[in-house]
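*Asks:* Have a look; sequence and predicted model below, questions after that.
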Amino acid sequence: MLAPVTFGLSDNTDMNDHERHRGKDRLQDIDRRIDRMQEDRAEKARGPDRHGLPAGAGAILARVATELVAGVIVGTFIGWVLDRWFGTSPLFLVLLFFLGAAAGMLNVWRMVSGRGMAAGYFDEHRRDADGEDKQDGD
Amino acid sequence: MASEGMHSPVEQFEIRSIVDLSAGGYDISFTNSSLFMLLAMVVGGGFLFSAMRNRELVPGRMQGAAEMMYEFVADMVRSNVGNDGRAYFPFVFTLFVFLLFGNMLGLIPYSYTFTSQIIVTFAMAGFIFLAVTLIGLFKHGLHFFSFFVPQGAPKVLIPFLIVIEVISYFVRPVSLSVRLFANMLAGHTMLKVFAGLAVMISGAGGIAMTGSLLPFLALVGLTGLEVLVAALQAYVFTILTCMYLNDALHLH
């Protein structure tokens, strides 16, 4: 689709107009390609992929174990601190122990359901409605 | 000989003071741990500086390695945080280089692995946790707390779920620091146990000495594995930092 090279050979005005037209076409084509590239980048930026973490069985197992144990530790620690503040030992310790275990399990569920290590709520319904980031199952 | 010459496998984690310092009643001595943090910084920075000093269009080996590292982290930030993440790239890159060189230098015999101390990894994870939370608060204001409110859940359950969400948020710095620390601690302990085993068996003398070949071969394999773990854990720590940053910036 390259325009024939006719520099200095043709002084036909019709031909020159044609040439100019071709050049404009190509410029527009380049514009379009740059736009497309920038869209691609923006697309990539919007939906972060959480598949960068090692996915071997051992790596996942270690991560599950860490999450479960860390949940219980953090929950129990918060409970212990609350008990010391309010002098209600062992009410909060026991309560937060179980809530911590639940938090650990929640993190494991997030991990195995493709949400990576992200904490916080993941509004998959809104995302599905937008037609982006479709996940298998549910 | 065996019991006398055998070193404890956890002796390598002992903190020794090199220059005794104290300020305001706190012990702020320059220890072997501080020394290797400084070394990780100097070697990491020195490597990048010397690699990029004589820049060429066609990169040499050093420049190629430095550029690879840069692009690796830049790509990680771009794909995990997006375009707003570019402002945080210098921090993420520094973090990666520091951890990578810290882990790698720790593999050299007689050196010290500062990432095998939970207080070091927890200080780093705690700082990242605080920074990410503050970034989220500044960027979204009070809307940031909607992060903890699950939508579409039955109203009765919401207070209960918020507590669980908050705890699971506070789990982040713990699991982030424990992962790095535990990997380094376990790996280095295992190396020393196998090395000690090889030495002990070779002390038996005679034909039994050939038995020491087995733990020795295992040691060679383990060392290779540890190089992989050192790089992988630096990578995992960095990519999780990126993910947390992404959550704070975009709130889903």
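*Replies:* Good, I have the coordinates.
*Asks:* Residue of the stretch 1-150 of chain B closest to chain A, please.
*Replies:* residue B:82 (3.2 Å; Cβ to the nearest Cβ). From N, CA and C alone the C-beta is placed, and that goes for glycine too.
*Asks:* Measure how buried that residue is and give me the count.
*Replies:* Using other Cβ atoms under 10 Å in any protein chain shown, residue B:82 has 21 neighbouring residues.
*Asks:* What separation do you get for the closest residue to residue B:237 other than its chain neighbours and chain A?
*Replies:* Using Cβ to Cβ, 6 or more residues apart in numbering or on different chains and skipping the chain neighbours, the partner closest in space to residue B:237 is residue B:180 (5.2 Å). With the distance defined as Cβ to the nearest Cβ, to the nearest Å, residue B:180 ends up 10 Å from chain A.
*Asks:* for the helix or strand residue B:180 falls within, the distance to its chain's centre please.
*Replies:* Element membership of residue B:180 [criterion: DSSP states H and E] is helix B:158-202. Distance of helix B:158-202 from its chain centroid, counting by Cα atoms, centre = their mean, to the nearest Å, is 11 Å.
*Asks:* again, but for stretch B:79-90
*Replies:* The answer for stretch B:79-90 is 20 Å, by Cα atoms, centre = their mean.
*Asks:* Pull out the buried residues from that stretch.
*Replies:* Within stretch B:79-90, the residues that count as buried by 16 or more other Cβ atoms under 10 Å in any protein chain shown are B:79-82, B:85, B:88-89.
*Asks:* quick one, strands of the stretch 1-150 of chain B?
*Replies:* B:17-19, B:22-23, B:26-27, B:30-31 (DSSP state E, counting those that start in this stretch).
*Asks:* if you compare those, which one is most tucked away?
*Replies:* Greatest average neighbour count among those goes to strand B:30-31 (a mean of 16), per mean count of other Cβ atoms under 10 Å in any protein chain shown.
*Asks:* Just list what the helix holding residue B:180 packs against, helices and strands only.
*Replies:* helix A:57-86, helix A:91-110, helix B:2-5, helix B:118-140, helix B:213-250 (3 or more Cβ pairs under 8 Å, 6 or more residues apart in numbering or on different chains; DSSP states H and E).
*Asks:* The shortest one - what's its average pLDDT?
*Replies:* Mean pLDDT, helix B:2-5: 47.
*Asks:* Name the helix or strand of chain A that has the lowest mean pLDDT.
*Replies:* When the helices and strands of chain A are scored by mean pLDDT, DSSP states H and E, helix A:124-130 comes last with a mean of 44.
*Asks:* buried residues in stretch B:39-56?
*Replies:* Those would be B:39-40, B:43-44, B:47-48, B:51, for stretch B:39-56 by 16+ other Cβ under 10 Å.
*Asks:* Need those residues in CSV (columns: distance to chain A and pLDDT).
*Replies:* CSV is the format used below for the buried residues of stretch B:39-56 (distance: Cβ to the nearest Cβ, whole Å; pLDDT from 0 to 100):
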residue, distance to chain A, pLDDT
B:39, 27, 95
B:40, 23, 95
B:43, 26, 96
B:44, 22, 95
B:47, 24, 94
B:48, 23, 93
B:51, 25, 90
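*Asks:* among those, which are in helices?
*Replies:* Among the buried residues of stretch B:39-56, the residues falling in helices (DSSP state H) are B:39-40, B:43-44, B:47-48, B:51.
*Asks:* about what we covered before: among the buried residues of stretch B:79-90, which ones are in helices?
*Replies:* B:79-80, B:89.
*Asks:* just checking: which of these also lie near chain A?
*Replies:* Among those, the ones lying near chain A by Cβ under 8 Å from any Cβ of the partner chain are B:79-80.
*Asks:* Any chance of the ones in helices among the buried residues of stretch B:79-90 in TSV with pLDDT and distance to residue A:100 as columns?
*Replies:* Shown next, in TSV, are those (pLDDT from 0 to 100; distance: Cβ to Cβ, whole Å):
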residue	pLDDT	distance to residue A:100
B:79	86	32
B:80	85	27
B:89	95	34
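*Asks:* can you tell me which of the ones in helices among the buried residues of stretch B:79-90 lies nearest to residue B:216?
*Replies:* Of all those, residue B:80 has the smallest distance to residue B:216: 41.2 Å, by Cβ to Cβ.
*Asks:* distance of that closest one from residue B:250?
*Replies:* According to Cβ to Cβ, to the nearest Å, residue B:80 and residue B:250 sit 11 Å apart.
*Asks:* do residue B:106 as well
*Replies:* On the measure of Cβ to Cβ, residue B:106 and residue B:250 end up 35 Å apart.
*Asks:* Between the two, point out the one with more neighbours.
*Replies:* Each of residue B:106 and residue B:250 has its neighbours counted (other Cβ under 10 Å); residue B:106 has more, 21 against 17.
*Asks:* My read is that the more buried one contacts residue B:114, right?
*Replies:* Yes: look at residue B:106 against residue B:114 with Cβ atoms under 8 Å: they come within range, at 7.2 Å.
*Asks:* Make a markdown table out of the strands of the stretch 1-150 of chain B and add mean pLDDT.
*Replies:* Formatted as a markdown table, the strands of the stretch 1-150 of chain B follow (pLDDT from 0 to 100):
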| stretch | mean pLDDT |
| --- | --- |
| strand B:17-19 | 88 |
| strand B:22-23 | 85 |
| strand B:26-27 | 84 |
| strand B:30-31 | 91 |
